[in-house]
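**Student:** have a look at this prediction, sequence included:
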Amino acid sequence: MIQINDKQFELFLTKEQIQDKVSKVAARLNDDYADKSVLVIVILNGSFMFASDLIKQLKFDNEVSFVKLQSYNDFSSLGNVLELIGLNTDVEGKDVVVIDDIVDTGITINSMLHKLHKKNVGSVNVCSLLFKPDAFKGDEVPKYVGFSIPNKFVVGYGMDYNQKGRSLTEIYKLKD
Ligand code: IMP
Ligand code: MG
């Protein structure tokens, strides 16, 4: 068990479970995108660790770009998404994979997909380490998901609780 600020968290996914899943997701992407040239868009901050481990295992031709979006405050998603660092790459006609740490309500990823479609992206798929089906309000479930998890707040492996806990190599969930 660990304590971050006022909250207690318990171990949820070990390093080994995470790394094993990252390799499996990478293998699926390598199958589906073999011979393609792909623009990989990483949504900061939360996905920096997942993206780093995943991208190292990609075997197809790729470019990597970053956007910084924010839809979160404490434990609940806000309805609006702030673009803190925007996309500075042309996406028209490109095959894009968007990498996120966790798709919760889906508001963040939806706003990203909406922007990409407006810019006439060739194709786009979402790759998220975690997915909370019970919180999801979007219409399209991410194609590449590491773990579908219960609707519990998690920290670690890039994900934060009020900016803390990102450096943990395991994923912890809020203790009930
Ligand atoms: P959404 O817009 O509700 O899907 O939330 C997306 C973003 O909120 C994710 O990319 C995370 O950065 C953050 N987030 C959602 N759920 C959690 C959580 O349980 N722990 C930490 N961050 C979270
Ligand atoms: Mg995120």
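**Tutor:** Cool, the structure landed. Ligands and ions are numbered 1, 2, ... in the order given.
**Student:** burial of Arg129, as a residue count?
**Tutor:** For the record, residue 129 is Leu, not Arg. Leu129 has 31 neighbours, counted by other C-beta atoms under 10 Å. Glycine gets a C-beta too; all of them are placed from N, C-alpha and C.
**Student:** okay, and the residue nearest the centre of the chain sits in which element?
**Tutor:** Centroid-nearest residue in the chain, with C-alpha atoms, centre = their mean: Asp100, separated by 1.4 Å. In the assignment (DSSP states H and E), Asp100 maps to strand 95-103.
**Student:** that strand: partners in the sheet, and parallel or antiparallel?
**Tutor:** Sheet pairing of strand 95-103 (DSSP bridges) gives strand 37-44 (parallel), strand 123-131 (parallel).
**Student:** would you indicate which residues of the following helix or strand past the longest one are buried?
**Tutor:** Remark: after strand 123-131, the chain's next helix or strand is strand 144-148, criterion DSSP H and E. Residues of strand 144-148 classed as buried: 144-147 (neighbour count, 16 or more other C-beta atoms under 10 Å).
**Student:** any idea of the angle strand 144-148 forms with strand 95-103?
**Tutor:** Inter-element angle recorded for strand 144-148 and strand 95-103: 10 degrees (by axes from the mean of the first three to the mean of the last three C-alpha atoms, to 10 degrees).
**Student:** what sits up against strand 144-148?
**Tutor:** Defining contact as C-beta atoms under 8 Å, 6 or more residues apart in numbering, one finds that strand 144-148 is touched by 13, 18, 21-22, 24-25, 28-29, 50, 97, 103, 125-133.
**Student:** neighbours around the residue in the chain that ligand 2 sits nearest to, how many?
**Tutor:** In the chain, the residue found nearest to ligand 2 is Gly46; the distance is 3.4 Å by C-beta to the ion. Applying other C-beta under 10 Å, we find 24 residues neighbouring Gly46.
**Student:** surely it touches Asp160?
**Tutor:** Yes - shown here, Gly46 and Asp160 form a contact pair, counting by C-beta atoms under 8 Å, at 6.9 Å.
**Student:** touching both of these two, which residues are there?
**Tutor:** Jointly contacting Gly46 and Asp160 under the rule C-beta under 8 Å, 6+ apart are Arg166.
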